[in-house]
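# How does the following fold in three dimensions:
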Amino acid sequence: MNHLALGVCDYPEHVPADRWEVYAKQQKELGLTYVRIAEFAWSLMEPHEGQYQWDWLDDAVNILHKEGLKVVLCTPTATPPAWLIRKHPEILAHDPQGRVRAFGSRRHYDFASQVYREHSRRITRAIAERYGQHPGVVGWQTDNEFGCHDTTRSYGPASTKAFPVWLEKRYGTLAKLNEAWGNVFWSQEYTAWDQIEPPNLTVTEPNPSHVLDYARFASDMVKEFQEEQVEILRELSPGRFITHNFMIFFPEFDHYQVSECLDFVSWDAYPTGMLEFFAFWESEETKLKYARTGHPDLISFNHDLYRGLKAYSTGKQTGFWVMEQQCGQVNWSTYNPLPADGAVQLWTAQAWAHGADTVSYFRWRAATMAQEVMHSGLLRHDETFDRGYHEVKSLQTEQFPIGDVPAKVALLHDYRSLWIFDQQKHNADLSYWRQVMLYYSTLRSLGVDIDVIHPESDLSGYQVIVAPALTLMTERAAENLQQASNHAHLIFGPRTAYRTESGRTPEDGQFGLLSDLVGGKLKNFDSMRPGLKETVSGYDVTIWSESYRPLDAEVLHVLESGPMAGECAVMRKNNVLTIGVHSSGLIHDLIRDILMETGVPVLDVPEGVRVSRRAGKMLVQNFNPYGVDFLGTRLAAVSFELME
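Numbers count the residues shown, from 1 in each chain. Just a heads-up that it's a prediction; the model follows:
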C-alpha cells in the first residue's frame, strides 16, 4: 500500500458475538485496513491461572481475517486480572505517598516486580503461541499506554528492592554515587546500598540527583519489561511488526530507549483532550478558540516527536502510526466538547502530513459499560453511525501518498533534560514542555517542517538546529553539537547546559561543556512572578530571563529594565545563537532572521493556519473556526487543502 491506511480499535468482548460479523463487514465497507483488539482482555483469555479460553478470540480473529481485515493483536498486560492480584498483591504499585494502587481500573502493576514480569512473559508466550503465525495477525502492540495514570514510577517493595541494585550497577561504588549526587549536602551520604530508598516521603524536597536517577531507573524497568515481551513475540511470531502506543506529552520514561526494540512507533492522539488536560500554559482565550479542534501545534509536535524516536537507534526518521485517533468527544479531560465538523478529517490529514502511515480511530462502537460510557466511537451506543464515521467515509486516502517529510530544521528534545528541568522549575508558570513549545510554535508559524530528535542523534542533514531546553548536557551531546556547528546554525534557549549528567551544575558554571561553543558564561537569572516583566530591545520579557558575560561572543541584545538592566540577554558566536529570555516576539524575529540567513524557506502563516510537506505535496490546514484567505485560496473553517 503506497498511501495512508486507516484502522480502528475494536472490542469484540464488549458486545454480543452475533455483532462481530456485522461489524467486520461495516469496517471493510468503510475502507479500513487494520483492526486492533484484545489489549484489555486478559481475564477472558485466562479466567483462572493456567486455564485458557481462546474460543472467543479465535472466532473474533477469524471473522476479521475472513472479511479481509488485518488484525493487530495486543499483549493484555495493562490489566492483570483479579485472581492474579489476589494471589500476588505484591505486584501492585505504590503511589508517592506510599499508598497501594489497588485493583479496579487498569495499569495496576509495578514494572520492577519480578513476579509480575514472570506472568507477563507467560501470558505473552501463551497468546503468541496461539496466534503468532495466524494469517490474519499482521502485527502486535505491546501492553497499552505505558505509564498512563502516573504508573511508571512505583514506590512500593518491588521498586524499593530493585533500585539499589540498579544504582550499584550504574556507579560501582558508594563513593562515586555520593559524589555524583552531592550527598555531602545535608549529610545525605550513604555507607551501604540498602540504605538507599525511593525519593518520596522526604521532609522537604528530595535531592534532585536522587530523583533524576530514580526516573532513569523507572524508565529502564519499562524498557526491560517491554523487551521481554518483544523477545517472545520475535521468536513465536516472525514476520509480524511490533509497536507500542505511546501518549500525549508523556514525561515519565525515556521513549527513545523504550522504542529501540520496536519496528515502528505509535501514539494515541486526542486533540481536544490534549488542549484541556496538558497545556496548562495556554490562555483561556486560546483554549476557547481551539476547544473543538485542539491546538494545531500541540498535535503536530507529538507527531514530529514520535516520527523521530527511532532515529536515535536507527539513524533515520521512520513512518509511525496513530494507534488511537479521536473521532468524537473524549471522556477523560476537564471539559470534553464535541469536535467541530471536519475536525476528524483535518486530524487525519495532519497526521499523514507529519509522517503517519496509518491512522486508527478510537473506537468502533461507543462503550455501553464501565468507565468509558461517555467516550465516543465511530458508532453510537445504539449502533447508528456517528459524525466521525461519516467524515472517515468521505475521506479519500488515495490523495495521501507515503513518503518522506523534508525537514531541514531539527528541534532537540530529551527526557533527561525534561526530568531535571521540571524537578526544579524555579517558576510555577514554567515547565520543560512550555519552553519547548514556545520555540516549536514559532517555527511552525514560519511555515517550517521540523524533525524532533534526540541531541545525540545524527545531526548532519540539518541547516538549523534549535535546542529550546537542553538543560542536562552530556559529553556525547556536547561533541555532537560541536560537530554540527561546522555545518549548521545552532539556537539555544534559557537554562542550556545548566546541569551535568548526574544533575549537578558544572563546577565552572553554565555553560559547562558548551562554554567554548556559545562563547560566554551565565551571570544571573531572574524568575518573574505574574505581573513582573522586563524589556529587551523593546520586546516584553516575562517568566524567565538570563544575563550573560560574553567571552568571545557578540552581544546582540541587552536587558533594558529590571535588576540585570544593561547586561547581555542574547549573544552570538559565529553561527551559535543563545537566547536567555522568554519573549515570544524576540524569539520569533531572531529565529526568522536565522532561517532566512541559512536559506531555509520562510512562509509567514496566519494564526491557526499551518503548512506541512510530505511526498512532494503541501498540506495547508485551517484550525480556525472561521474561513481564512491564504496562498490565493479561501480555506473554509476547520478544513485542509492539498497542494502540489
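
# Chain neighbours aside, what residue packs nearest to Gly139?
Leaving aside its sequence neighbours, Gly139 sits nearest to Phe241 (C-beta to C-beta, 6 or more residues apart in numbering; 3.9 Å). From N, CA and C alone the C-beta is placed, and that goes for glycine too.

# can I assume the one you found is in contact with Val138?
Yes: shown here, Phe241 and Val138 form a contact pair, counting by C-beta atoms under 8 Å, at 7.1 Å.

# quick one: which of these two has more around it?
The neighbour count for Phe241 versus Val138, taken as other C-beta atoms under 10 Å, is higher for Val138 (18 against 15).

# hang on, the more buried one packs against Val72?
Yes: contact criterion C-beta under 8 Å: Val138 and Val72 qualify, at 6.9 Å.

# can you point me to the longest helix in this protein?
When the chain is parsed with DSSP state H, its longest helix is helix 208-236.

# What segments of the stretch 351-500 of the chain are helices?
387-393, 415-423, 432-445, 475-484 (DSSP state H, counting those that start in this stretch).

# how near is Phe163 to His149?
For Phe163, the distance to His149 (C-beta to C-beta, to the nearest Å) stands at 21 Å.

# Near Ser561, how many residues? Count them for me, please.
12.

# from here on, count from 348
Sure, I'll start counting at 348 from here, so that last one is Ser908.

# What residues does the residue nearest to the spatial centre of the chain make contact with?
Here the mean C-alpha position of the chain is nearest to the C-alpha of Phe596 (C-alpha atoms, centre = their mean), at a distance of 4.3 Å. Residues in contact with Phe596 (C-beta atoms under 8 Å, 6 or more residues apart in numbering) are Met621, Phe625, Leu645, Asn649, Trp780.

# which one of these sits closest to Glu574?
Of all those, Glu574 sits closest to Asn649, with 23.9 Å by C-beta to C-beta.

# what kind of secondary structure is that closest one in?
Three-state call for Asn649 (DSSP: H, G, I helix; E, B strand; the rest coil): helix.

# residues near it, how many?
25.

# who are the neighbours in contact with it?
Residues counted as contacts of Asn649 (C-beta under 8 Å, 6+ apart) are Ile595, Phe596, Trp614, Ala616, Met621.

# And for Asp601?
Counted by C-beta under 8 Å, 6+ apart, Asp601 has contacts Arg563, Ser566, Lys570, Asp761, Tyr762, Arg763.

# Ser792 now?
Per C-beta under 8 Å, 6+ apart, neighbours of Ser792: His935, Asp951, Val952, Glu954.

# Got the confidence number for the closest residue to the second one other than its chain neighbours?
Across the structure, with C-beta to C-beta, 6+ apart as the measure, the residue nearest Asp951 apart from its sequence neighbours is Leu793 (6.6 Å). According to the model's per-residue confidence, Leu793 sits at a pLDDT of 98.

# wait, Val605 sits on Val569?
Yes: the criterion here is C-beta under 8 Å, and Val605 meets it with Val569 at 5.5 Å.

# Quickly list what's touching both of those two.
What both Val605 and Val569 touch, as defined by C-beta under 8 Å, 6+ apart, is the set Phe493.

# The residue nearest to the centre of the chain - that's part of a strand, no?
No: under three-state DSSP, Phe596 sits outside any strand and is assigned coil.

# domains of this protein?
Domain assignment for the chain by automatic domain parsing gives 380-587, 756-945, 957-990.

# What residue in this protein is the furthest from its centre?
Centroid-distance maximum for the chain: Gly913 at 39.5 Å, with C-alpha atoms, centre = their mean.

# Contacts only, for that one.
Here Gly913 is in contact with Val905, Leu906 (C-beta under 8 Å, 6+ apart).

# same deal with Ile938?
Tyr786, Thr789, Leu790, Leu793, Val813, Ile838.

# and the residues you listed, which two are the farthest apart?
It's Leu793 and Ile838 that sit farthest apart of those, by C-beta to C-beta, at 12.8 Å.

# More neighbours: which of these two?
Ile838 (27 against 20).

# surely that one meets Ile941?
Yes: in this structure, Ile838 is within contact of Ile941 by C-beta under 8 Å, at 6.3 Å.

# Now list whatever residues contact both of those two.
Contacts common to Ile838 and Ile941, judged by C-beta under 8 Å, 6+ apart, are Val811, Leu924.

# distance of Gly932 from Leu903?
For Gly932 relative to Leu903 (C-beta to C-beta), the value is 15 Å.

# Could you give the number of residues near Ser894?
21.

# Then the one 10 residues further on?
Taking other C-beta under 10 Å as the neighbour definition, His904 ends up with a count of 20.

# Tell me the secondary structure at the residue lying closest to it once chain neighbours are set aside.
Nearest residue to His904, sequence neighbours excluded (C-beta to C-beta, 6+ apart): Val917, at 4.0 Å. Per three-state DSSP, the local secondary structure of Val917 is strand.

# so who does Lys570 touch?
Here Lys570 is in contact with Phe600, Asp601, Gln604, Val605, Glu607 (criterion: C-beta under 8 Å, 6+ apart).
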